[in-house]
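Asks: quick one, fold the following:
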Amino acid sequence: MPIDQVAKHFKLDCKTVKEIDKKFLKEKYRDTDYTNSGYSAIDEVSIGKYHKYMTVVLDFITGRVIWCSKDRKAETLDEFFKNMP
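Replies: Predicted coordinates for the structure are as follows:
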């Protein structure tokens with residue numbers, strides 16, 4: 001459900017619901033799952049106005065998102081490869 005509908009259903013502020021959602025996602029997806037990652041695809045995705053981007057690493061065969069991060073600099077990918085087993 002969209003955040004605004006969840007907030008309305010539970011009679012909570014939208015910001016509270018968003019913070020709960022962010023906390024859950026950070027805990028669940030904190031560690032990168034490199035298993036079964038054969039061929040990788042790297043893409044830079046626009047996330048809004050004013051040339052804001054994020055870098056996304058995908059499993060080329062399945063389309064599963066392996067890792068993503070803000071920005072699209074070389075240092076961004078260095079972070080991904082540095083933590084790779």
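Asks: what residues does the residue of the chain most remote from its centre make contact with?
Replies: Of all residues in the chain, residue 11 has its C-alpha farthest from the mean position, at 27.7 Å, by C-alpha atoms, centre = their mean. Going by C-beta atoms under 8 Å, 6 or more residues apart in numbering, residue 11 touches no other residue. Every C-beta, even on glycine, is put in place using the N, C-alpha and C of the backbone.
Asks: that one and residue 45, how far apart?
Replies: Relative to residue 45, residue 11 is positioned 35 Å away (criterion: C-beta to C-beta, to the nearest Å).
Asks: could you pull out the buried residues of stretch 2-17?
Replies: Within stretch 2-17, the residues scored as buried using 16 or more other C-beta atoms under 10 Å are 6-7, 17.
Asks: quick one: which of those residues sit in helices?
Replies: Counted as lying in helices by DSSP state H, out of the buried residues of stretch 2-17, are 6-7, 17.
Asks: now render these as CSV, adding pLDDT and distance to residue 81.
Replies: Output for these, formatted as CSV (pLDDT from 0 to 100; distance: C-beta to C-beta, whole Å):
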residue, pLDDT, distance to residue 81
6, 94, 37
7, 94, 39
17, 94, 35
